[in-house]
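1. Here you go, sequence then predicted model.
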Amino acid sequence: NANTASFTNNNLTFLGINSSGTILGSGAVRRAISAAVDREGLVKNIMFDHAAAANIPVNPESWLYNSGYASVAKDTQKAIEYLAADGWAAEADGILAKKGAAQTQQLAFSILVNEENMRRVAVAEAIKKDLSQLGMNVSIQTVPFDKYQQRIAAHDYEMFLGSVKIAESYELSMFAGKDA
């Protein structure tokens, strides 16, 4: 006879965002993305309930986690409100755009993911679907792992799907950046 047991760990899957000189520099756009992503759906449909949805880099089962912090539930209406308040409106083709002084800019960006990790690719596809339902024009760039690492190191991405093992001490300096 064999017994199996599930246990929690501190592996964190996250969206890395390049907010320098990209459309993702807008706080309203980032808040809309956060509100539009169905974290619970990702946990259920891709991770088969072997994960927990969170919006801070602390395991929800940890004593450090503040459950009152903010909801991780998908809130499409809130996402729409964030985007509308920032001047984004759907064009005839359904893609969100913002009129500027010189030109109209579409809300379009890509998610970088390494092609060898099929679960990560599936998560990126699900996120793309959630964001596309709002009118964001999202593409997925799958590249070999070595290119993926090179592009992240060179900040050659708009958004990437990554993961990291967080120490049991919850030492989070890796998220502060090199100049922090």
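-> Now that the structure is in, tell me what you want to look at.

2. For the rest of this, base every contact and every neighbour count on C-alpha atoms.
-> OK.

3. Low-confidence stretches in the chain?
-> Flagging of the chain using pLDDT under 70 yields the residue ranges 70-71, 174-180.

4. one more time with 80
-> 1, 4-10, 21-22, 48-52, 54-72, 100-101, 167-180 (pLDDT under 80).

5. where do the helices sit along it?
-> Using DSSP state H, the helices of the chain run over 27-36, 39-45, 76-85, 118-132, 145-153.

6. Check which helices and strands the first one sits against.
-> Using 3 or more C-alpha pairs under 8 Å, 6 or more residues apart in numbering; DSSP states H and E as the contact test, the elements touching helix 27-36 are helix 76-85, helix 118-132.

7. that older thread, quickly compare the helices of the chain and say which is most buried.
-> helix 27-36 (a mean of 20; mean count of other C-alpha atoms under 10 Å).

8. ok, back up a step: want to throw the helices and strands packed on helix 27-36 into a markdown table with distance to Arg31?
-> Below are those laid out as a markdown table (distance: least, C-alpha to C-alpha, whole Å):
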| stretch | distance to Arg31 |
| --- | --- |
| helix 76-85 | 7 |
| helix 118-132 | 12 |
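
9. For Ala97, find the nearest of the ones you listed.
-> helix 76-85 (9.9 Å; C-alpha to C-alpha).

10. got the angle for that closest one vs helix 27-36?
-> 170 degrees (axes from the mean of the first three to the mean of the last three C-alpha atoms, to 10 degrees).

11. Can you tell me what sits against helix 76-85?
-> Ala28, Val29, Arg31, Ala32, Ile33, Ser34, Ala35, Ala36, Ala89, Leu134 (C-alpha atoms under 8 Å, 6 or more residues apart in numbering).

12. Which pair of the residues you listed spans the longest distance?
-> Ser34 and Ala89 (18.5 Å).

13. Leu64 contacts Val58, doesn't it?
-> Yes - using C-alpha atoms under 8 Å, Leu64 is in contact with Val58, at 7.0 Å.

14. more crowded one of these two?
-> In this view Leu64 and Val58 are compared by other C-alpha atoms under 10 Å, and Val58 has more residues nearby, 19 against 10.

15. got the contact list for the nearest residue to Ser132 once chain neighbours are set aside?
-> Nearest residue to Ser132 in three dimensions, chain neighbours excluded: Val138, at 6.5 Å (C-alpha to C-alpha, 6 or more residues apart in numbering). The contact partners of Val138, taken as C-alpha under 8 Å, 6+ apart, are Ala108, Phe109, Ser110, Ile111, Lys128, Leu131, Ser132.
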